[in-house]
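K.L.:
Can you look at this prediction? I've put the sequence above it.
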Amino acid sequence: MKKVISIILSMIMVFTLTGCGKSSSNEKTFTYASELDIKNLDSSDADDGMSFMAMHACIDGLMSADKNGKAIYAIARKHMVSADGLTHTFKLRDAKWSNGDEVTANDFVYAWRRIFKNNGNYAYMFSSDAASITGADELVKKQEDKEKITDKDLKTLGVKAIDKKTLEVKTTRYISYFDELMAFPCYYPINEKFCKEQGSQYGKSPKNILSNGAFVMKTWNPGSKAVYEKNKDYWNAKNIKLDKLVFNLVVEPKVAATNYDSGKVDYATINSELVDKYKGKKDYRTFKEGYLFYLSINFKNQYLANSNIRKALSYAINREDFCDNVLKDGSFAAKGFIPSGLTTDDKGNDFRASSPTYTGYDMTKAQQYFDAGLKELGVNNITLSLTYGTDESPMDQMATYLQNAFTKLNGLKIDMVATTKQDRIYNKQKNGDYDIALTRWGPDYSDPTTYLNLLLENNSNNYGKYSSTEYNNKMDEVKTLTDNTQRWKAMQDAEKICMDDYAVIPVFEKGTATLLNPKKQGIIQRPVVVTTFNYIQVKK
């Protein structure tokens, strides 16, 4: 009897030990801890990084990304472009939705039109600000004017199903980065019949979403966990090595790190407080997110309309100190409006590295510019507000740092306006109810215009109402140029115009410090590319 008990106890110990530490590395499961929640899986509505990640795990678009972040075929197996560069024809591969339906060209037509029909935030990606699809500008204009968009209007969008496996897209100009655009979630397909059956619940639970991608969502508890399993019917299933993908949602960095140490997760994002503890270890890594954090300036504010006041604010920010001693997560000082690592020219030169630096720290200059501004305004002191979202890390650290920096300027008082990201963007900024807003922008595609377009006079994201005829004209020139060298130079000229105007004030390029299980490598995280888990390999 004692022998039996001893054997049972030994078995219990074995099972207990396998549940601890990093033993999960022997399983074909990858568990990802996220600070954020999933909004939904509806490509006409979702506009946040975590929802994009959740969608990309189970949905393929026309294009995707390889291990180096370069555009490769996904649902498309061939892409042909007409001689004038204005007609794109995609031939689709044989692929299935998780309900057994085949993926067709109409799935793309329906999904793209649906963004306009539902007044989606990413409608601008179809306009001349991005893909330049014919008819899109007119639809965006109706959207902005709050006019009803009819089915007849939707048919004017330049996308057409020639047959089940042939998709035709017409553009108003040649777009050199069109392949990369087609990997962005707003261009994902939607099964029309299934979507209509789900109604308003489409994309809000596992039973309300179909997969044509590497994984199928099995469970999703908002604010807690989402679980995916490998899609055995995926067109590229033989190259997917994971059996299960798990997202632990709304996990604070300290908790995520603790769970990582105990083997409960394979990936955790850590904050600046934890960097010193893990830096130098084999499972510590940093990468560029691609996000530029900057100050949106409200030009309707009489004080901020003064260029010397804007210059003073920029010179008062010690960006290197903030990145190196506060964030400590791989972030680094912004040198202009276009971040590094976004794109290169034909010779492989990075846009940022081959362009001037437009930022610097000098408190003496800052005070001189500020005093000059006060004199021009005819006042002795001014008060400005800083608006930021407390739910968008590290905005709170940035806000505190900037408050301390700006109040060192004699004659300036700073009022802090803490709110949520949604309120900051869609209420305060959209309605011009702010002075200075702490904001960020992640590139939608790998071309400088993904940033430069934000400052066009008619751009819906130009909340600060920056207006420059010279800038608008230069950007019009960018749109007409087909010679890559000339276009590159024109974009550099455009950046110089807006930076000389201090149209916005760049602060830093976001880096992220993470912990990654050394036995589960292959997660792809690069600027412009939606995080993908398709290449993860499990080492024994």
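P.N.:
That came through, no problem.
K.L.:
Tell me which residue lies nearest the centroid of this protein.
P.N.:
Gly442 (4.2 Å; Cα atoms, centre = their mean).
K.L.:
thought it was touching Phe293?
P.N.:
No. In this structure, Gly442 is not within contact of Phe293 by Cβ atoms under 8 Å, at 10.3 Å. Every C-beta, even on glycine, is put in place using the N, C-alpha and C of the backbone.
K.L.:
how about stretch 454-461: buried residues?
P.N.:
454-456, 459-461 (16 or more other Cβ atoms under 10 Å).
K.L.:
Please confirm that Ile385 is located within a strand.
P.N.:
If you look again at residue 385, you'll see it is Ser, not Ile. Yes. Counting by DSSP: H, G, I helix; E, B strand; the rest coil, Ser385 is part of a strand.
K.L.:
quick one on the thing from earlier: apart from its neighbours in sequence, what residue is nearest the residue nearest to the centre of the chain?
P.N.:
Distances taken as Cβ to Cβ, 6 or more residues apart in numbering place Tyr291 nearest to Gly442, at 4.7 Å, with adjacent residues excluded.
K.L.:
The one you found: what's it in contact with?
P.N.:
For Tyr291, the contacting residues are 339, 440-442, 509-510, by Cβ atoms under 8 Å, 6 or more residues apart in numbering.
K.L.:
Out of those residues, which one has the weakest pLDDT?
P.N.:
Sorting those by pLDDT puts Gly442 at the bottom of the list (89).
K.L.:
Which pLDDT value belongs to Ala183?
P.N.:
pLDDT at Ala183 comes out at 94.
K.L.:
Run through the bridge partners of the nearest residue to it once chain neighbours are set aside.
P.N.:
Nearest residue to Ala183, sequence neighbours excluded (Cβ to Cβ, 6+ apart): Met63, at 4.3 Å. Here Met63 sits in beta bridges with Tyr73, as judged by DSSP bridges.
K.L.:
how many other residues sit next to Met63?
P.N.:
Neighbourhood size, Met63 [other Cβ atoms under 10 Å]: 22.
K.L.:
do you know how far it is from Asn381?
P.N.:
54 Å (Cβ to Cβ, to the nearest Å).
K.L.:
Quick one: residues in contact with stretch 258-274.
P.N.:
By Cβ under 8 Å, 6+ apart, stretch 258-274 touches 20-25, 29-35, 248, 251, 253-254, 256-257, 278, 283, 326-329, 393-394, 397, 512-517, 520, 523.
K.L.:
Now which of the residues you listed would you call buried?
P.N.:
22, 24-25, 29-35, 248, 251, 253, 256-257, 278, 283, 326-329, 393-394, 512-517, 520, 523.
K.L.:
The lowest-mean-pLDDT helix or strand in the chain: what's the following helix or strand?
P.N.:
Here the helix or strand of the chain ranked lowest by mean pLDDT, DSSP states H and E is helix 2-18, holding a mean of 37. Later in the chain than helix 2-18, the nearest helix or strand by DSSP states H and E is strand 29-33.
K.L.:
number of nearby residues for the closest residue to Leu92 other than its chain neighbours?
P.N.:
Leaving aside its sequence neighbours, Leu92 sits nearest to Lys165 (Cβ to Cβ, 6+ apart; 4.5 Å). If you count neighbours by other Cβ under 10 Å, Lys165 ends up with 18.
K.L.:
Leu402 now?
P.N.:
23.
K.L.:
List the residues that contact the residue nearest to Leu92.
P.N.:
Neighbours of Lys165 in contact, by Cβ under 8 Å, 6+ apart: 91-92, 104-105.
K.L.:
Could you list which of these belong to strands?
P.N.:
Secondary structure from DSSP state E places 91-92 of the contacts of Lys165 in strands.
K.L.:
List buried residues within the contacts of Lys165.
P.N.:
Judged by 16+ other Cβ under 10 Å, buried ones among these: 92, 104-105.
K.L.:
Quick check: which ranges of the stretch 1-150 of the chain have low pLDDT?
P.N.:
Scanning the stretch 1-150 of the chain for pLDDT under 70 picks out 1-27.
K.L.:
Which parts of it are helices?
P.N.:
Here the stretch 1-150 of the chain has its helices, by DSSP state H, counting those that start in this stretch, at 2-18, 49-58, 105-117, 136-144.
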